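In: sequence? don't have it. structure:
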């Protein structure tokens, strides 16, 4: 097992350094003067330009700048936002809980519906139910979620008036930010009804962000279950006279879950990509919206830092999923 | 291609591979439906000048002063089947012209990423060692950034616009093709026909392109069909965020971006472009799934 962990880590570390290199190169590819790109001003006087150039260390050799950057990143220093003049890491950490809260809900939503739907589709293979589940999930997988969000707003918010259109909480409530997770913060505050209000705001964004993962989970569960249901030990269980429920729940599902859990774990990248669109549609004050706004404000240090942290997060979760997979399945662990 | 298969089949008395794929596709209702939709889309794109009732930029002033909803709604104008947008342009015509952009985006993105992916995959698979490690690590790096975020970052550097959006999206797909091509090359290389060709004196380039590559195509074709749909989705998303095709262009994602603020007053300008995206993407996914079943012998019944 140790050998397995070490080989995986050996693969991840160079990739992580590669990501740092990528973001280092990325900001240097932005057309225009490097100082102006970083400060976000145009037409700086030559003296000030030279001063800033020196101050930011851009007059030093490129490799020194790179090692400096790597050193900063490893200490959590991602540079300073051009717009707010705050450290990019602080900005990220302030907004990140909003995205995590939404992503957790989307993941719960997609798993709670996708898993049973996939299991049932596999058990009733070829039935009308199976076709409906597969058809629906392919439609969900093909969904332009930014349009899906607008459509849900149109129906549930505009026509029926059931759900709020934007943000995490109505303006009538004043809740102190303690954890950044609105559901926890509203519980901690003494504003009556704010918790339900926050929950209310989560409904549509959760559905929108959870749609693609839901489709993927349902499809993956179905195919994993079908594979397991064809195994000899299922036939044995059947021959022993066990009931369908027991076979499916105890014998098949547990074995089918391994690849399914992997796929759910690998959805983190999809969720972060989806968060960009979902948060833009629902004015959700999280990382996705922040990234899009950074681009339109030409806040390149923020974009650079955001890309780096998100890539690192995706890599870390993939690594954890990979290690768990190895832990659960010795065949993977011992494969060279 | 179909002509030769039909002609060859009776002579050889065996079913050619292409014909076999077609038979398998024909039996798959979903894939067939997808194919029909794609054919309709291609026709709409090619014949847009003939089929569309109006030019996509033609403005009807009467629909600016008074709204023109789709024909089945009250107060509609029968000349505009799907209604007109806020600037008074016929929505149906814009959607028909928009199919040109979607198919164009899909083709260009798939071509660029397929070509680059095959190149990297072949290099990795044939040369192994340092080349392999460098290429595959680079692919891992690209894969670890969510594709939409990477595409946005690239567009932020290159500047907004349809061409840059296509390049950005294409870059994010290269790793998928490179990995598939490399894996296929590695399974093909030890086979006898490759050794035979090598012994017969074939050079590396010939081995790569003439001997091995044709036998690696099946998974690449499936992936190409499936990423045609994701390319359309991602490019539309960039358009929706304002970094893809720019305003007067009738690209579906861009049309949605313009329509966003009108969701309460003119819901139809939001509904139809999105529906067009969904139907197109769904059609390519159905065809891709069907092709995978047809081309992958492991999944055959």
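Out: Sure thing, it's come through. What you see is a predicted model, and the numbers here were worked out from it, not measured in a lab.
In: in chain B, where is pLDDT below threshold?
Out: Across chain B, the ranges flagged by pLDDT under 70 are B:1-13, B:297-301.
In: check the closest residue to chain B within chain A and give its pLDDT.
Out: Here the residue of chain A nearest chain B is residue A:147; by Cβ to the nearest Cβ that distance is 3.1 Å. (Glycine included, C-beta is placed from N, CA and C.) Residue A:147 carries a pLDDT score of 95 in this model.
In: any chance of the backbone angles for it?
Out: Per-residue torsions, residue A:147: phi -70, psi -40 (degrees, to the nearest 10).
In: same thing with residue B:90?
Out: phi -60, psi 120.
In: and for it, the neighbour number?
Out: By other Cβ atoms under 10 Å in any protein chain shown, 26 other residues sit near residue B:90.
In: so what's it bridging to?
Out: Taking DSSP bridges as the rule, residue B:90 bridges to residue B:84.
In: what about it, distance to residue B:96?
Out: In this view, residue B:90 and residue B:96 are 9 Å apart by Cβ to Cβ, to the nearest Å.
In: picking that back up, which ones are touching the residue of chain A closest to chain B?
Out: The neighbourhood of residue A:147, defined by Cβ atoms under 8 Å, 6 or more residues apart in numbering or on different chains, consists of B:240, B:256, B:270, B:273-274, B:277-278.
In: recalculate using a threshold of 6 Å.
Out: Counting by Cβ atoms under 6 Å, 6 or more residues apart in numbering or on different chains, residue A:147 makes contact with B:256, B:274.
In: looking at chain B, which residue is nearest chain A?
Out: In chain B, the residue that lies nearest chain A is residue B:274 (3.1 Å; Cβ to the nearest Cβ).
In: for that residue, pull up the helix or strand it's in.
Out: helix B:268-295 (DSSP states H and E).
In: please apply the same query to residue B:226.
Out: helix B:217-241.
In: that helix and chain A in contact?
Out: Yes: Helix B:217-241 reaches chain A (Cβ under 6 Å from any Cβ of the partner chain) through B:233, B:236-237, B:240-241.
In: write out the residues of chain B neighbouring chain A.
Out: With Cβ under 6 Å from any Cβ as the criterion, chain B meets chain A at residues B:137, B:140-141, B:144-146, B:148, B:153, B:156-157, B:233, B:236-237, B:240-241, B:256, B:263-264, B:267, B:270, B:274, B:277, B:281-282, B:285.
In: which of these are buried?
Out: B:140-141, B:144-146, B:148, B:153, B:156-157, B:233, B:236-237, B:240-241, B:256, B:263, B:267, B:270, B:274, B:277, B:281-282, B:285 (16 or more other Cβ atoms under 10 Å in any protein chain shown).
In: return the residues in contact with residue A:274.
Out: A:145, A:209.
In: same question but for residue A:244, I mixed them up
Out: If you count contacts by Cβ under 6 Å, 6+ apart, residue A:244 has none.
In: the nearest residue to residue B:132 once chain neighbours are set aside sits in which helix or strand?
Out: Leaving out its chain neighbours, the residue that sits closest to residue B:132 by Cβ to Cβ, 6 or more residues apart in numbering or on different chains is residue B:124, at 4.4 Å. Element membership for residue B:124 (DSSP H and E) is helix B:91-127.
In: how far off centre is that helix?
Out: How far helix B:91-127 lies from its chain's middle: 6 Å, per Cα atoms, centre = their mean, to the nearest Å.
In: and stretch B:188-199, by the same measure?
Out: Using Cα atoms, centre = their mean, the offset of stretch B:188-199 from its chain centre is 34 Å.
In: same thing with stretch B:186-203?
Out: Using Cα atoms, centre = their mean, the offset of stretch B:186-203 from its chain centre is 33 Å.
In: one more: stretch B:16-32?
Out: Taking the mean of its C-alpha atoms, stretch B:16-32 sits 20 Å from the chain's own mean (Cα atoms, centre = their mean).
In: flag every buried residue along it.
Out: Counting neighbours by 16+ other Cβ under 10 Å, stretch B:16-32 gives B:19, B:21-22, B:24-25, B:28, B:30-31 as buried.
In: re the thing from before, so what's the residue nearest to residue B:132 up against?
Out: By Cβ under 6 Å, 6+ apart, residue B:124 lies in contact with B:132, B:135, B:182.
In: thought the second one was touching residue B:120?
Out: Yes: in this structure residue B:135 lies within contact range of residue B:120 using Cβ atoms under 6 Å: 5.1 Å.
In: more crowded one of those two?
Out: residue B:120 (24 against 20).
In: right, and that one touches residue B:136 too?
Out: No: applying Cβ under 6 Å as the test, residue B:120 and residue B:136 come out as separate, 8.6 Å apart.
In: what does chain A put close to chain B?
Out: A:14-15, A:18-19, A:22, A:29-30, A:138, A:142, A:144, A:146-147, A:150, A:154, A:158, A:269, A:272-273, A:276-277, A:292, A:295, A:307, A:311, A:314-315.
In: which of these fall in strands?
Out: Nothing among these maps onto strands, per DSSP state E.
In: so which of those residues belong to helices?
Out: In helices, defined here by DSSP state H, the members of those are A:14-15, A:18-19, A:22, A:138, A:146-147, A:150, A:269, A:272-273, A:276-277, A:292, A:295, A:307, A:311, A:314-315.
In: buried subset of these?
Out: Buried members of these, counted by 16+ other Cβ under 10 Å: A:15, A:18-19, A:22, A:138, A:146-147, A:150, A:269, A:272-273, A:276-277, A:292, A:295, A:307, A:311, A:314-315.
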